[in-house]
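Chemist: Sharing a sequence plus its predicted fold:
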Amino acid sequence: MMTTPKEKEIQKEERISQENFFFDDSEEIILTEQEIQDLEKKLEDREIDDKTRSFFNSSHQFYKKLKEKDYTISLEEIEKL
Amino acid sequence: MTDLIFKELDRDVIIEPFACGDQVINSFLNNLALLNQERKLSNTYTFCLKDSNKIIAFLTLSASQLNTGDARIFGIDKVPIVLFGRLGVDNNYKNKKLGIALIKIALEKSLEASKIIACRLLLVETALDMNSYYLEKTDMGFEWFRDRKNSSILFIDLKKYEESTL
């Protein structure tokens, strides 16, 4: 049975809400020549867009605050992130 | 108010019943996480309910490397990285931004580690159809690295993270 674009979008939303990551580290990652070139270029690029900078800053502040409060926080505070 | 405590996994926390919707992740937490912690193979950090010590979300970090094969990058043949191996949020606590909170903590923990033993990237693996969400919609600083069969490997440059939080 075909999946409609709307159904696909719903499935995607459901996956986003899963909030799970799993890294399959059963095999070693060996970079290809192209990946090395691309990675070198990305790591030399020091540009950070404003939205990313703001996320980075908020991460830093969030952890600092968590530490100050002896690592206690309410679920309601986290929901406001 | 639901009070939570953020702590490293130890023998005092209540692991079961934890169900995040992914059997492999549940199984890791139930059977391996503490063992790996004690063997110093990976570190698991948790959000627990303060009154019961029950885990409602967790993440796992470990040291790893990217091998450049016969070639070199910046003159070295192995890039030191932090592997964001597992993240799980209990089904009863989904959509409360615990996942985002743990990504923020993973960044900060990785930065702390990189100040002692250099590591340049934080690597995560996400489902293939989810990579656009992390790359384009969330502005978390993820960059695309490689696709696998049903997944994508993404990274965050810890040097960029460090520079923007100075």
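Modeler: All right, it came through fine.

Chemist: residue at max distance from the center of chain B?
Modeler: Each residue of chain B has a distance to the centre, and by CA atoms, centre = their mean the biggest one is for B:D70: 29.1 Å.

Chemist: Give me the three-state assignment for it.
Modeler: coil (DSSP: H, G, I helix; E, B strand; the rest coil).

Chemist: Tell me the predicted confidence for it.
Modeler: Reported pLDDT at B:D70 in the predicted model: 86.

Chemist: Tell me how far it lies from A:E33.
Modeler: Using CB to CB, to the nearest Å, we find B:D70 at a distance of 9 Å from A:E33. The C-beta positions use only the backbone N, C-alpha and C, and glycine is treated the same way.

Chemist: Also A:E68?
Modeler: 47 Å.

Chemist: Comparing these two, which residue is more hemmed in?
Modeler: Neighbours around A:E68 and A:E33, counted as other CB atoms under 10 Å in any protein chain shown, are more numerous at A:E33. The numbers are 11 against 8.

Chemist: Chain neighbours aside, what residue packs nearest to that one?
Modeler: Among residues not flanking A:E33 along the chain, B:A71 sits closest, at 6.0 Å (CB to CB, 6 or more residues apart in numbering or on different chains).

Chemist: got the residue ranges for the helices in chain A?
Modeler: Ranges of helices in chain A, per DSSP state H, are A:5-16, A:33-44, A:50-68, A:75-79.

Chemist: Next one: B:I56 from chain A, what distance?
Modeler: The gap separating B:I56 from chain A is 8 Å, by CB to the nearest CB, to the nearest Å.

Chemist: burial of that residue, as a residue count?
Modeler: The local packing of B:I56 (other CB under 10 Å) involves 22 other residues.

Chemist: tell me, how many neighbours does the residue in chain A positioned nearest to chain B end up with?
Modeler: Using CB to the nearest CB, the closest approach of chain A to chain B is made by A:E19 at 3.2 Å. When neighbours are counted by other CB under 10 Å, A:E19 registers 24.

Chemist: How about it, nearest residue that isn't a chain neighbour?
Modeler: Excluding the flanking residues, the one nearest A:E19 by CB to CB, 6+ apart is B:G99, at 3.2 Å.

Chemist: Let me know the secondary structure of that neighbour.
Modeler: Using three-state DSSP, the structure places B:G99 in helix.
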